[in-house]
Every structure is written in C-alpha cells, then in structure tokens.
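**Student:** model the following, please.
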Amino acid sequence: MKKLIALLIIFGFSTMTFAQGEKEISQKTSSAFKKHFNQNEYKAIFEMFSPEMKTALPLDQALTFLENVKSQAGTLKNLEFIKYEQGMVALYKAQFDRTILGLNLSTDQNSKINGMLLKPYQDDSQPILERNISSLILPFKGEWTVFWGGDTEALNYHVATPSQRGAFDFLIMDESGKSFSGDGSKNEDYYAFGKELIAPAAGEVVLAVDGIKDNKPGIMNPAFVTGNTVIIKTTNNEYLLLAHFKQHSIKVKQGDSVTQGQVLGLSGNSGNSSEPHLHFHIQNMKEMSQATGAKSYFKSIKVNGKVKTDYSPIKGERISN
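**Tutor:** Reported below is the predicted structural model:
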C-alpha cells in the first residue's frame, strides 16, 4: 500500500520561543488556508507564501500538489491546533473526508507562510507497540510467499510509513516465482485470488469494509487505500489490519467476536493494490492515518520448509502455518 500524502516543503522555520496556546497569526493563517483549500482557491494559498517559499515552490508545482491532496484526501473538514514545534511551527490535526493528516504551518514576521508540511498524523497520547503480545498464526491457509516484509526499505517499502512499518504483503507463487497463470490480465489468473483469509488471533472486529470493487490487475484505487478491510482488536489492545479482500466476501461485521483461525473472507484486489494479495500489519489504534505500527511475530510457522517459533518472516520466504 502506498502513502497517501508525502512531504511538501519546509523552508525558513522560525526559531522564536514557542507557546502552547495558538497565536492569533497562526489561527488566521490556518483559517485562511482551510477556506481557500475547500473552495479550490489554490492560487490564493500560493499568494499566502513568503517570497522564499514562492521561489522554492513555484506556482505550477504548488497548484499540482494542492490539487492532488484534494483528489486523494477530500475536503478539509477541521483543523485542530495541537502544539508548536521547532519554534513557531504550528502543528494541526487535519481531518479530511478520507483521512487524518498532520499539517505543519510556519509563518514569518510578515504573516506569510514560510514552511508547510503534510504528514501522517501521530497521536502521542497513544501507547506505542514494539511487537505483538498476543499469540499469532499466519492469516491464511496453505503456503504463501512474503513479497514485502522485514526491517529495511530494501526488504519492505512499508517501513517508511509509521503505521505500516511492520507490514507484510503476501502472495502465492508457483515454483517459477510467478504469482499468476495465463497472461495475468484477470484477477482469476492469480493464485491468491479468492483464497480464504483467517483471523491471526482472537478478538473483536472493530472495522469491516466489504463493498469496494476489485481492481483490474495493474490499475490501483488510491481513494480507499486498504480496500475491503477487516481490523481485529485483541485483548492486548493490538489492532490487526487485513486489507484488499475480495468484494462482498467478508463474513464478519463490526462488533463480532472472532476466534483464532476463523475465516474472515477471501483474498482480493481492492484498494491501492495492483494484483490480488494480502496486506497485513499490527498498529496501536484503529485509525491507520494516526497509528504507529508494530512488528509481527508468529508463534510457530514453517519457513522455507523448516519450523521456526516466535518468528517474523522477511521478503522472499515461503511460509505456512
């Protein structure tokens, strides 16, 4: 899964002593930003930039970036001031239609924006998980291959995103290393498509999304990154997220209690997915855009034919329960 929004620019942050209450200059700047953003007045936001910001981020680039944010995240519903960082850099919890992001805005002595950053929002009040406490099994039957998994970007591109730093993408591959038969133009060509996915641990279903259409292979849907999704909350307050289910295949609903190994639905190709696969990770809260991820260790699994206990697999390994 891809990150929704990336770094824009930080330029010329002030080093003034900060206060935790929102200053009037920040309040006016953030209110104007929200108003212009929601009315698609992106040039008006550009005119709020300092001369240095305008040089660093020319008009055409600024317009493209803001248009992309709107298309991916939607309307900016609310800006909640959180604190000042690095002097007079105001941090806001930005509630969009489709996600929650952290918005940093910095202003100079002339009330012009001289720094701006959009990033995944992290709630510092939530506990950080380093690894699972609950005993986990793999969330599927049979042998699958770890396509992305591990602690480095070379093994796992997810590590750059806080909520997904311990994430996996799992595929089913044949002996030649292919994940499909035929020409791969249909979801049904892929070995993973339609396979049963199971609960890695017992818990309560806190999210079940089932109505998102499966993509044609090679064409992704970034509007709902995880596609058809199940999130299970364990008794140890771990949130187990399974993504990209086949449309209308999910067999559980929000509020259900599930047992370890219970069938949740079928593997699909919905959301920000280029081919049928399973995305799985653990996070410390329900809302992925605010969460911090944790590393997953499985109690006893077979890895390339050998049994390993309390093990976290890495890219390229063939694994089964």
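**Student:** ranges for the strands of the stretch 151-300 of the chain?
**Tutor:** With DSSP state E, counting those that start in this stretch, the ranges of strands along the stretch 151-300 of the chain come out as 168-171, 196-198, 203-209, 228-233, 239-245, 257-258, 263-266, 278-283, 293-294, 298-303.
**Student:** tell me the gap between the helix or strand bottoming out on mean pLDDT in the chain and the middle of its chain.
**Tutor:** One helix or strand of the chain scores below all others by mean pLDDT, DSSP states H and E: strand 113-120, with a mean of 87. Chain-centre distance of strand 113-120: 19 Å, with CA atoms, centre = their mean, to the nearest Å.
**Student:** ok, stretch 284-299 next?
**Tutor:** With CA atoms, centre = their mean, you get 10 Å for stretch 284-299.
**Student:** how long is it end to end?
**Tutor:** Start-to-end span of stretch 284-299 (CA to CA, to the nearest Å) is 20 Å.
**Student:** may I have stretch 173-186 as CSV, with CA atoms only?
**Tutor:** The C-alpha trace of stretch 173-186 is given here as CSV (Å, rounded to 0.1, in the frame of the first residue of the first chain):
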residue,chain,number,x,y,z
MET,A,173,3.8,-18.0,-6.1
ASP,A,174,4.5,-21.1,-8.2
GLU,A,175,7.9,-22.8,-8.4
SER,A,176,9.0,-20.5,-11.2
GLY,A,177,8.3,-17.4,-9.0
LYS,A,178,5.2,-16.3,-10.8
SER,A,179,2.0,-15.2,-8.9
PHE,A,180,-0.4,-16.0,-11.8
SER,A,181,-1.1,-18.4,-14.6
GLY,A,182,-2.1,-17.3,-18.1
ASP,A,183,-1.5,-13.7,-19.1
GLY,A,184,-2.4,-12.2,-15.7
SER,A,185,-5.0,-9.9,-17.2
LYS,A,186,-7.8,-11.2,-14.9
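**Student:** quick one: mean pLDDT over that stretch.
**Tutor:** Throughout stretch 173-186, pLDDT has a mean value of 96.
**Student:** over to stretch 278-292?
**Tutor:** Across stretch 278-292, pLDDT averages out at 90.
**Student:** could you list the buried residues of that stretch?
**Tutor:** For stretch 278-292, burial by neighbour count (16 or more other CB atoms under 10 Å) applies to 278-285, 287-292. Yep, even glycine has a C-beta here, placed from its N, CA and C like the rest.
**Student:** tell me which two of those residues sit farthest apart.
**Tutor:** Greatest spatial distance among the buried residues of stretch 278-292 (CB to CB): 278 and 290, at 23.0 Å.
**Student:** picking up where we left off before, so which of the buried residues of stretch 278-292 comes closest to residue 65?
**Tutor:** Closest to residue 65, out of all of those and judged by CB to CB, is residue 289, at 18.4 Å.
**Student:** show me what contacts the closest one?
**Tutor:** Residues in contact with residue 289, defined by CB atoms under 8 Å, 6 or more residues apart in numbering, are 4, 99-101, 120-121, 163.
**Student:** make it 10 Å
**Tutor:** 4-5, 73, 94-96, 98-102, 120-122, 161-163, 225 (CB atoms under 10 Å, 6 or more residues apart in numbering).
**Student:** can you tell me the closest non-neighbouring residue to residue 102?
**Tutor:** Distances taken as CB to CB, 6 or more residues apart in numbering place residue 121 nearest to residue 102, at 4.1 Å, with adjacent residues excluded.
**Student:** I'd guessed the one you found sits against residue 73; true?
**Tutor:** No - with contacts counted by CB atoms under 10 Å, residue 121 stays clear of residue 73, the gap being 11.6 Å.
**Student:** quickly list what's touching both of the two.
**Tutor:** Joint contacts of residue 121 and residue 73 (CB under 10 Å, 6+ apart) are 94-95, 99-101, 289.
**Student:** I'd like the residues you listed laid out as JSON lines, including secondary structure and distance to residue 274.
**Tutor:** Formatted as JSON lines, the shared contacts of residue 121 and residue 73 follow (DSSP: H, G, I helix; E, B strand; the rest coil; distance: CB to CB, whole Å):
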{"residue": "94", "secondary structure": "strand", "distance to residue 274": "28"}
{"residue": "95", "secondary structure": "strand", "distance to residue 274": "29"}
{"residue": "99", "secondary structure": "coil", "distance to residue 274": "21"}
{"residue": "100", "secondary structure": "strand", "distance to residue 274": "25"}
{"residue": "101", "secondary structure": "strand", "distance to residue 274": "24"}
{"residue": "289", "secondary structure": "helix", "distance to residue 274": "22"}
